[in-house]
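> Generate a structure from the sequence data that follows.
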Amino acid sequence: MNIEQTVSAAVSNLQLGHTFTHDALVQAIQTRRQRRLIVCEVPGLNTSDGICALWFARPTDDIILHACTDSALHRQQFVLHEFAHLILGHCESEDCDTIDVLLPDIPARTRLRLLKRHDLDCDTEIAAEALADRLAAGIRGHAFAESRYSEVFG
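Predicted structure coming up:
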């Protein structure tokens, strides 16, 4: 997997340009996946628990739960990393039958993603983090352009 090519193609396929708002990104993801995207902070969960964020795919929506943090940038990175997994289509076609017996009430794709989380150096996690960084740059670029526009043109 060429991660840079994968990330560049994913950004291009979003058709958002080089800079965009968080809301425009959410809308693009919802349109692409044809389902609602819900993002929620989980009270009591923090990064010391070893979990920053989780993505649950349900039949009608995607839910991203994230840990509490005082840093807005840290929180944004948690969420953008999960957005990246959605955009890159990670875990869309993987076979999860082997763990059906162990965790029958949790959707198969979710179980697999949770159980694979220990391998942070795998290509999918590296690609998701790289895409999250690019998404963050696009959002920051839009915010900077907006503030400079107002600063220059009032």
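> Output the lowest mean pLDDT helix or strand found in this structure.
helix 108-116 (a mean of 57; mean pLDDT, DSSP states H and E).
> Assumed H81 was part of a helix.
Yes: assessed by DSSP: H, G, I helix; E, B strand; the rest coil, H81 belongs to a helix.
> Let me know how buried it is, in neighbour terms.
23 (other CB atoms under 10 Å). Glycine gets a C-beta too; all of them are placed from N, C-alpha and C.
> so who does it touch?
Going by CB atoms under 8 Å, 6 or more residues apart in numbering, H81 touches C52, A53, A128, E129, A132.
> Which residue is the nearest non-sequential neighbour of the third one?
Excluding the flanking residues, the one nearest A128 by CB to CB, 6 or more residues apart in numbering is A84, at 4.0 Å.
> in the protein, what spans have low per-residue confidence?
The model of the chain has pLDDT under 70 over residues 49, 91-120, 145-154.
> where do the strands sit along it?
Here the chain has its strands, by DSSP state E, at 36-46, 53-57, 61-68.
> Would you mind finding the most buried of those?
strand 53-57 (a mean of 20; mean count of other CB atoms under 10 Å).
> Name the strands paired with that strand and say parallel or antiparallel.
Partner strands for strand 53-57, per DSSP bridges, with pairing direction: strand 61-68 (antiparallel).
> List the contacts of the strand it pairs with.
29, 33, 35-47, 49, 51-56, 75, 78-79, 82-83, 86.
> Neighbour-wise, which one of the contacts of H81 leads?
A128 (24 neighbours).
> List the residues that contact it.
Residues in contact with A128 (CB under 8 Å, 6+ apart) are H81, E82, A84, H85, L88, H90.
> which one of those is nearest I3?
Set against I3, the nearest of the contacts of A128 by CB to CB is L88 (10.2 Å).
> neighbours around the closest one, how many?
If we define neighbours as other CB under 10 Å, then L88 has 18 of them.
> Tell me where the longest helix sits in the protein.
helix 123-153 (DSSP state H).
> residues of it that come out buried?
In terms of neighbour count (16 or more other CB atoms under 10 Å), helix 123-153 has its buried residues at 124-125, 127-132, 134-136, 138-139, 142.
> Okay then, goodbye and thanks.
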